[in-house]
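Student: Predicted model and sequence follow; I will ask about them next.
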Amino acid sequence: MPSSSTAADTMDSGSDKSYHLVSVEETNGAVEGDSATWYRYTIKGGTACISGLHRGTLAEVTEYAQACAESFNERSVSKNASALTWSSRSKKPKAGS
């Protein structure tokens, strides 16, 4: 099967912790006998590498995978922001203190 890719193939910033689309390649169907066109996408963020399968056109799968990467980044920012603003409950003083 021919391999297709996006301009994101050239994006590989090893120390970048944000998630970004690295590649989209045509692959065999996820289910035997499925005549739909399937693509495998790869998303990287820091040391994490996420691969997934999605069916559709190259443009549809690329859009889907980029939306996934953006969603991961939003969750990461939200998580980090809440970690910075989080504070524990005040501990009750021990009896006799």
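Tutor: Structure received.
Student: Run through the residues that contact residue 34.
Tutor: Residues in contact with residue 34 (C-beta atoms under 8 Å, 6 or more residues apart in numbering) are residue 55. Bear in mind the C-beta positions are built from the backbone N, C-alpha and C, glycine included.
Student: On the three-state scheme, it is what?
Tutor: Using DSSP: H, G, I helix; E, B strand; the rest coil, the secondary structure recorded for residue 34 is coil.
Student: So it versus residue 55, what's the distance?
Tutor: Using C-beta to C-beta, to the nearest Å, we find residue 34 at a distance of 8 Å from residue 55.
Student: Can you report phi and psi for residue 32?
Tutor: The phi and psi values for residue 32, taken as degrees, to the nearest 10, are phi -60, psi 130.
Student: Which element, helix or strand, includes residue 41?
Tutor: Applying DSSP states H and E as the criterion places residue 41 in strand 38-45.
Student: Check the secondary structure at the closest residue to residue 66 other than its chain neighbours for me.
Tutor: Spatial nearest neighbour of residue 66, excluding adjacent residues (C-beta to C-beta, 6 or more residues apart in numbering): residue 21 at 5.2 Å. Here residue 21 is recorded as strand under three-state DSSP.
Student: My understanding was that residue 21 contacts residue 70; is that so?
Tutor: No - here residue 21 does not reach residue 70: they are 9.6 Å apart, not a contact under C-beta atoms under 8 Å.
Student: With neighbour numbers in mind, choose between those two.
Tutor: A count of neighbours by other C-beta atoms under 10 Å puts residue 21 above the other of residue 21 and residue 70, at 23 against 14.
Student: Quickly list what the more buried one is bridged to.
Tutor: Per DSSP bridges, the residues bridged to residue 21 are residue 43.
Student: ok, it to residue 34 distance?
Tutor: The gap separating residue 21 from residue 34 is 24 Å, by C-beta to C-beta.
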